[in-house]
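Visitor: After the sequence you'll find the predicted model.
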Amino acid sequence: MEADNHVLLHDVTVRYGRQIALEALSGEFAAGSLTAVVGANGAGKSTLLAAIAGVVRPSTGMVACPARRRLAYLAQLAAIDQGYPLTLSELIMLGGWREFGAFRSPGAGLGARMATAAETVGLAGRLSHPINEFSVGELQRALFARVILQDAAVILLDEPFAAVDAQTATVLIDQVMRWHQERRTVIAVLHDLDLVRTRFPSALVLACRCLAWGPTAAALPAMAA
Amino acid sequence: MPLPRLGTNGGSVAGDGGVMSAHALLVEPFQSLAFMRSALVACLALALANGAVGTLLVLRRMSLDGEVLGHAVMPGAAVGFLYAGPSPTWLSLGGLASGLAVAALAGAITQERARRDVGLVVFYLLALSLGIVLIAWRGSNVDVMRVLFGTVLAIDHRALLQIASMSSVIVLAIAVLYRPLAVGAFDPAFLRAVSARAPYGAVFSALVVLALVAGFQAFGTLLAVGPLLLPAAAARCWNLGVAPSMALATGFGFIASFAGLLVSYHGNLPTGPAILLAAGLLFGLSLIVAGVLRRLAPIIGRNT
């Protein structure tokens, strides 16, 4: 991956109406870094990811993400309609959106890549199944397959392991580590501090503003304070 | 104040002691009466647009928004009425303007999620009241009833052309924007992240307003949302993909229009409500039959 896969935040503040969700956050997610974003509920973790993805606009400050066109954003599972009439193959295929856009047909090679992605997350053989008969864990595997297909330089994951079964969590964590080895920049909102401690080299502790940001061992104690 | 209805053939269903022929029951009303033909063509054109828009509306869980936008058409239509009398063009233009304005306002209050449903209902009530006051100010009670319940049996050539062109625009727009509109209903955050915030949501709201304006001459502002939502809700019971749901909703719209017109003709009943009741019947049947089939599926054994 190129060197400009970093994400730079300069004095980023996000307000919803009068309420401040994120205040004056500055710093850099280095290219190829793997960072866990932790903090209490309402600490602005999801807002931070949405701001980096360009889904919400900062009220003040600036997000610089040179690789925005090669960014994958996986929102919380609650934000998507789990009863939607879509087959697994259609869902994963959306990962090729930047190749085919809103109007063109998916290219010939995409189908094979889609099948490989499904296999990677352990969903081979279920491509024609509608997702509304999937469990939460299976759905999250499918969404990870979509991220794989996006082949992104910067990957944003909002609580990717919440509510999934242990076996699925193992598969998905392995995939995150693979992305990290491939030098992609990964930023994940997480609640499981043990997981952060053992597998994530960097951590950002949020409480609307930045409490600590750096190597996990140094940053995480701010969580208890 | 009676609703618009047919005074013609009521009660003669049994003919001279015998059972009426299928031809006399199903075809003859449309063969002999031009206004029945116009009404049928208008309803079929509307069903084409409504099947597609309604399905997306149901999938986006925006039924309440549809209801509110239906009434948002009212004040603008009233202003059009004050300006030009009961001219379909001015009623539509006015309705379109106020519908789009309220859609934009509703979009703005989406940002503040907390009181969204209260805000929408306030819009709905005020728009409805304002519209009635405006029309009653210069017009008669008949005019008020016309705008509220529509005049599906009094659709002239010009109104028919207008309905057909609006439906065509809607169907074409959805054909072109099908992928982003369908994905936006499923995973809005994903769509916004990959499409650089193209305003698909606003475009969809505009299409809903257009569908409601097209429908409001036939069904009135109170009922225009019915042919939009009921066939789509019935089709959604069957748990099909997005495009098949749209096709099924359109088919249900066709059936309800045909059945409703005939029932209102033979039974001397108000036409718009008869069509809506027919669509409601299809919804009830879909709910029950699809539910029973889903229960039975594990017993019979699924073959995929």
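Guide: Structure's in. What do you need? Numbering: from 1, shown residues only, chains lettered A, B, ... in the order given.
Visitor: which parts of the stretch 151-300 of chain B sit against chain A?
Guide: By the rule Cβ under 8 Å from any Cβ of the partner chain, the part of the stretch 151-300 of chain B lying against chain A is B:176-177, B:179-180, B:183, B:185-190, B:192-198, B:239-242, B:245. Where C-beta positions appear, they are placed from N, C-alpha and C, glycine not excepted.
Visitor: Give the buried residues for stretch B:228-243.
Guide: Buried positions in stretch B:228-243, judged by neighbour count with 16 or more other Cβ atoms under 10 Å in any protein chain shown: B:228-237, B:239-240, B:242.
Visitor: Give me the subset of the residues you listed lying in strands.
Guide: Cross-referencing the buried residues of stretch B:228-243 against strands under DSSP state E gives no overlap.
Visitor: list the contacts for B:S286?
Guide: B:S286 makes contact with B:234-235, B:237-238, B:252, according to Cβ atoms under 8 Å, 6 or more residues apart in numbering or on different chains.
Visitor: What subset of the residues of the stretch 151-300 of chain B next to chain A is buried?
Guide: Using 16+ other Cβ under 10 Å, the buried ones in those are B:177, B:179-180, B:183, B:185-190, B:192-195, B:239-240, B:242, B:245.
Visitor: Cross-reference the contacts of B:S286 with the helices and report the matches.
Guide: B:234-235, B:252 (DSSP state H).
Visitor: Write out the residues of chain A neighbouring chain B.
Guide: A:16-17, A:50, A:53-55, A:71-73, A:75, A:79-81, A:84-87, A:94, A:97-98, A:102-103, A:128-130, A:132.
Visitor: any idea how far chain A is from B:A235?
Guide: Distance, B:A235 to chain A, using Cβ to the nearest Cβ, to the nearest Å: 11 Å.
Visitor: Phi first, then psi, for A:L8.
Guide: phi -110, psi 130 (degrees, to the nearest 10).
Visitor: per-residue confidence at it?
Guide: Per-residue pLDDT puts A:L8 at 93.
Visitor: show me what contacts it?
Guide: A:27-29, A:63-65.
Visitor: what about B:G260, how many neighbours?
Guide: Other residues within reach of B:G260, judged by other Cβ atoms under 10 Å in any protein chain shown, total 26.
Visitor: was I right about B:L229 contacting B:S63?
Guide: Yes. Here B:L229 reaches B:S63: they are 5.8 Å apart, a contact under Cβ atoms under 8 Å.
Visitor: Give me the common contacts of these two.
Guide: B:L57.
Visitor: A:C210 looks like it's in a helix, true?
Guide: No. Using DSSP: H, G, I helix; E, B strand; the rest coil, the assignment for A:C210 is strand, not a helix.
Visitor: Could you say which helix or strand holds the nearest residue to it once chain neighbours are set aside?
Guide: Nearest residue to A:C210 in three dimensions, chain neighbours excluded: A:L25, at 5.4 Å (Cβ to Cβ, 6 or more residues apart in numbering or on different chains). Using DSSP states H and E, the element containing A:L25 is strand A:19-29.
Visitor: can you check A:H10 too?
Guide: Secondary structure (DSSP H and E) places A:H10 in strand A:7-16.
Visitor: So which of the contacts of B:S286 is the closest to A:A118?
Guide: B:W238 (26.5 Å; Cβ to Cβ).
Visitor: what's the burial count for residue 25?
Guide: Answering for chain A, as no chain was given. 24.
Visitor: actually it's chain B I care about, not the one you picked
Guide: 15.
Visitor: out of everything not next to it in sequence, what's closest to residue 53?
Guide: Went with chain A since none was named. Using Cβ to Cβ, 6+ apart and skipping the chain neighbours, the partner closest in space to A:A53 is A:Y73 (3.8 Å).
Visitor: hmm, I had chain B in mind actually
Guide: By the measure of Cβ to Cβ, 6+ apart, the closest residue to B:V53 outside its immediate chain neighbours is B:A211, 4.5 Å from it.
Visitor: For the one you found, give me the backbone phi and psi.
Guide: In terms of degrees, to the nearest 10, the main-chain angles of B:A211 are phi -60, psi -40.
Visitor: Show me what counts as buried in the longest helix that chain B contains.
Guide: In chain B, assigned by DSSP H, the helix with the most residues is helix B:271-300. Within helix B:271-300, the residues that count as buried by 16+ other Cβ under 10 Å are B:271-283, B:286.
Visitor: Could you do stretch A:209-222 as well?
Guide: Applying 16+ other Cβ under 10 Å to stretch A:209-222 flags A:210-213, A:216, A:219-220, A:222 as buried.
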